[in-house]
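A.B. asks: Pasting the sequence and the predicted model now:
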Amino acid sequence: MIEDAELLRRFASAADEDAFRELVQRHVSFVYSSALRQLNGDAHLAADATQAVFSDLARKARSLSGHSVLAGWLFTSTRFIAAKLVRGEQRRRAREQEAQLMQELSNDDAAALDWSRVRPVLDAALADLKAPEREAILLRYFEQQEYRAIGARLSVTDNTARMRVERALDTLRTALERRGVTSTTVALAAALASEAAVAAPAGLGATIASAALAGSGSVSLWAAFMSMTKLQMGIAAGLAAAGASGYVMETRANAALREDVVRLQQETAALAPARAANRELARTAAEVSALRSENAAFDRMSQETAELQARLKIVQRAQLAAEAAAASRRASASYDIAELDRLPQVVTSAPPKYPFELRRAGVEGRVTVDFVVDSSGNVQNAYAVKSSRPEFEPAAVEAVRAWKFDPGQKGGRAVNTHLQVPIVFNLSSGSSAGQPVPYPGDAPKT
Amino acid sequence: MASRLITIVLLAVAAICAAALVFQRQRGSVLREQMALLRADQRELIALRADNSKLQANLPTEPELATLRADHAAAMRLQTELNVLRRQISAAEAAAGVAGK
């Protein structure tokens, strides 16, 4: 058999109506009989009280699911509800009856236990008992449980249950005596066994169960919601609120970030052009720096060029002199004009070219060119002996070298002849050559 | 039964909100990384503009630059002439030495 506590838990957690109906069926007779007793046999009031008790049970099912003995709570609830219904009238009538009965009973110690005398004061006497003693009486005589079942319910042995019931009977007898009802423990036990439990009217259990369930079914969801522990609801609601608020805050923060990103993207769109401009400017700056450093050496190079040009001329002149000296040494067999039988005759003598820069500068000059006419009539070893301006010498020497002669003769054969010729550079008449004259020997150059 | 349903609904709402929050946090993390890169670009842009202004101020005008380039070309020609002169001097000195022997 399923325990009352389990049935109650099923109803409380899963709204198991069958479990509640089972509970009602189990205890309706006990509650009805208890209400009937407390309402002085008024069946109508007893039915109302019974329905109210089970309605309360339905509402408080979750909190009562921990009670191992439901009969105790049912008994207490029945008692309070019955007292609430007929408090004034019932109490007055009960006191009157008590007073009358107490007077009558006090004169008859040997009277048998009259249930009609016991019934009005029985529940009050039971209320005076301690809870364990009261539960033992209720289980044995109102729910008509065997000692074995009572022991199992109270978690004691059969004998212990029996002894607890007997002690409770004795205590109940004492409580009844205080209310004017005297009897023996045996007579009291017999009276309780036969009269305590009264079956509820047929169908009352089903009617009460349906009414109680109907009264609580329409708001089951609300009741379940309200019955949720505050802690569970608080935690779940707190989590939901925290999640929602966090989402909203993060969404707003991200929106602000996106705006900043767009703004920065617009600003940094000019980065690539700036980089290109920077590269170009750096390249130009490097070029300018290189140009300036190279140009700084221009003056030095110009001076060095002038020096080298002058030096080149000197070296060339030395070279020519050395060549002339060598030619002179080689031409040691050449003859002067005075020694010849026939003088060399000019065949072709192109005038020298006036140097362009000297003509443009308006410079005139004179160059004496020393040379040898060999036996073939060609000019050899031509060089400038002296000159008014060295710039005229190359042109004069070059021109003389191109001359052709009919060679001089001595003894009927052509011989080498050593000659000198003046070359004049005149702006008005251009360049011209004088008559070749004999080589004067080591004539100083001018 | 009903209480369990209510609890489940509330927990489901909390789970959805948590998932949405995680998603937004990830988006926010990406945006913050993007912001960091853009701020670095912004700093580089500011530095480049300052550098460009400085370079532009030190550069010569176009006519001055053309003059520099022309002077450079003349300097190159002068350098070439110097090299030729040096070779000519060397050759002439060598010839004078040979002729003197």
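C.D. replies: It's in.

A.B. asks: going forward, measure contacts and count neighbours with C-alpha atoms only.
C.D. replies: Fine.

A.B. asks: So, low pLDDT: which residues of chain B?
C.D. replies: B:1-3, B:98-101 (pLDDT under 70).

A.B. asks: One more: the stretch 251-400 of chain A?
C.D. replies: Checking the stretch 251-400 of chain A against pLDDT under 70 turns up A:326-332.

A.B. asks: same deal with the stretch 1-150 of chain A?
C.D. replies: For the stretch 1-150 of chain A, applying pLDDT under 70 flags the ranges A:88-95, A:97-113.

A.B. asks: Residue A:333 touches residue A:416, doesn't it?
C.D. replies: Yes. At 7.1 Å, residue A:333 and residue A:416 qualify as touching, with contact defined as Cα atoms under 8 Å.

A.B. asks: who has more neighbours, those two?
C.D. replies: In this comparison of residue A:333 against residue A:416, neighbours counted by other Cα atoms under 10 Å in any protein chain shown, the higher total goes to residue A:416 at 26 against 12.

A.B. asks: Correct me if wrong: the more buried one contacts residue A:373.
C.D. replies: Yes. Proximity of residue A:416 to residue A:373 meets the contact threshold set by Cα under 8 Å, at 5.5 Å.

A.B. asks: what's the next secondary structure element after the longest helix seen in chain A?
C.D. replies: Looking only at chain A and at elements set by DSSP state H, the helix with the highest residue count is helix A:230-267. From helix A:230-267 onward toward the C-terminus, using DSSP states H and E, the following helix or strand is helix A:271-296.

A.B. asks: any idea of the angle that next one forms with helix A:230-267?
C.D. replies: Comparing the axes of helix A:271-296 and helix A:230-267 via axes from the mean of the first three to the mean of the last three Cα atoms, to 10 degrees yields an angle of 40 degrees.

A.B. asks: List the buried residues in helix A:271-296.
C.D. replies: Within helix A:271-296, the residues that qualify as buried by neighbour count (16 or more other Cα atoms under 10 Å in any protein chain shown) are A:271, A:274-275, A:278, A:281-282, A:284-285, A:288, A:291-292, A:295.

A.B. asks: any bit of it sitting next to chain B?
C.D. replies: Yes. Helix A:271-296 comes into contact with chain B when judged by Cα under 8 Å from any Cα of the partner chain, the residues involved being A:271, A:274-275, A:277-278, A:281-282, A:284-285, A:288, A:291-292, A:294-295.

A.B. asks: Give me the next element, helix or strand, following that helix.
C.D. replies: As assigned by DSSP H and E, the chain's next helix or strand after helix A:271-296 is helix A:298-330.

A.B. asks: buried ones in that next one?
C.D. replies: By neighbour count, with 16+ other Cα under 10 Å as the criterion, the buried positions of helix A:298-330 are A:298, A:301-302, A:305, A:308-309, A:312-328.

A.B. asks: same check, this time on stretch A:37-47
C.D. replies: Here stretch A:37-47 shows A:37-40, A:43, A:45-47 as buried, counting by 16+ other Cα under 10 Å.

A.B. asks: Check chain B for its longest helix and report it.
C.D. replies: Ranking each helix of chain B by length (DSSP H) puts helix B:2-58 first.

A.B. asks: That one - contacts with which helices or strands?
C.D. replies: Helix B:2-58 is packed against helix A:220-227, helix A:230-267, helix A:271-296, with contacts defined by 3 or more Cα pairs under 8 Å, 6 or more residues apart in numbering or on different chains; DSSP states H and E.

A.B. asks: Please compute how far it lies from its chain's middle.
C.D. replies: Per Cα atoms, centre = their mean, to the nearest Å, the displacement of helix B:2-58 from the mean C-alpha position of its chain is 28 Å.

A.B. asks: what's the residue in the stretch 51-200 of chain A that chain B sits nearest to in contact with, if anything?
C.D. replies: Scanning the stretch 51-200 of chain A for the residue nearest chain B gives residue A:62, at 12.2 Å (criterion: Cα to the nearest Cα). Applying Cα atoms under 8 Å, 6 or more residues apart in numbering or on different chains, one finds that residue A:62 lies in contact with A:8-9, A:12-13.

A.B. asks: so residue A:81 is in which element?
C.D. replies: For residue A:81, the element it lies in under DSSP H and E is helix A:70-85.

A.B. asks: so residue A:196 makes contact with residue A:33?
C.D. replies: Yes. With contact defined as Cα under 8 Å, residue A:196 counts as touching residue A:33 (7.4 Å).

A.B. asks: neighbour count winner among the two?
C.D. replies: Ranked by neighbour count (other Cα under 10 Å), residue A:196 and residue A:33 place residue A:33 first, with 25 against 22.

A.B. asks: OK, contacts around the more buried one?
C.D. replies: A:46, A:196-200.

A.B. asks: Secondary structure and distance to chain B for the residues you listed - can I get that in a markdown table?
C.D. replies: Shown next, in a markdown table, are these (DSSP: H, G, I helix; E, B strand; the rest coil; distance: Cα to the nearest Cα, whole Å):
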| residue | secondary structure | distance to chain B |
| --- | --- | --- |
| A:46 | helix | 34 |
| A:196 | coil | 39 |
| A:197 | coil | 37 |
| A:198 | coil | 37 |
| A:199 | coil | 35 |
| A:200 | coil | 33 |
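
A.B. asks: what's the most distant pair in those residues?
C.D. replies: By the measure Cα to Cα, A:46 and A:196 form the most distant pair in the contacts of residue A:33, at 14.7 Å.

A.B. asks: Of all the residues in the helix or strand that the longest helix of chain B is followed by, which ones are buried?
C.D. replies: Read in the C-terminal direction, the helix or strand following helix B:2-58 is helix B:62-100, with elements assigned using DSSP H and E. In terms of neighbour count (16+ other Cα under 10 Å), helix B:62-100 has its buried residues at B:65, B:68-69, B:71-72, B:75-76, B:78-79, B:81-82, B:85-86, B:88-89, B:91-93, B:95-96, B:99.

A.B. asks: which element is residue A:421 on?
C.D. replies: Residue-wise, residue A:421 maps onto strand A:417-426 under DSSP H and E.

A.B. asks: and the angle for that strand with helix A:298-330?
C.D. replies: Orientation check (the same axes, to 10 degrees): strand A:417-426 against helix A:298-330 gives 150 degrees.

A.B. asks: got the CA coordinates for strand A:417-426 in PDB?
C.D. replies: Once side chains and other backbone atoms are set aside, the C-alpha atoms of strand A:417-426 remain, and they are given as PDB (Å, rounded to 0.1, in the frame of the first residue of the first chain):
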ATOM      1  CA  THR A 417     117.200  69.000 -95.000                       C
ATOM      2  CA  HIS A 418     116.800  70.700 -91.600                       C
ATOM      3  CA  LEU A 419     114.500  73.700 -91.900                       C
ATOM      4  CA  GLN A 420     112.400  76.100 -89.800                       C
ATOM      5  CA  VAL A 421     109.500  78.100 -90.900                       C
ATOM      6  CA  PRO A 422     107.500  80.900 -89.200                       C
ATOM      7  CA  ILE A 423     103.700  80.600 -89.100                       C
ATOM      8  CA  VAL A 424     101.800  83.800 -88.600                       C
ATOM      9  CA  PHE A 425      98.200  84.000 -87.300                       C
ATOM     10  CA  ASN A 426      96.600  87.300 -88.300                       C
END
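
A.B. asks: Check which helices and strands it sits against.
C.D. replies: Counting by 3+ Cα pairs under 8 Å, 6+ apart, the packing neighbours recorded for strand A:417-426 are strand A:365-373, strand A:430-433, strand A:437-438.

A.B. asks: In contact with the one residue sitting closest to the centre of chain B, which residues?
C.D. replies: What sits nearest the mean C-alpha location of chain B, by Cα atoms, centre = their mean, is residue B:48, with 8.4 Å. Shown here is residue B:48, whose contacts under the criterion Cα under 8 Å, 6+ apart are A:274-275, A:278.
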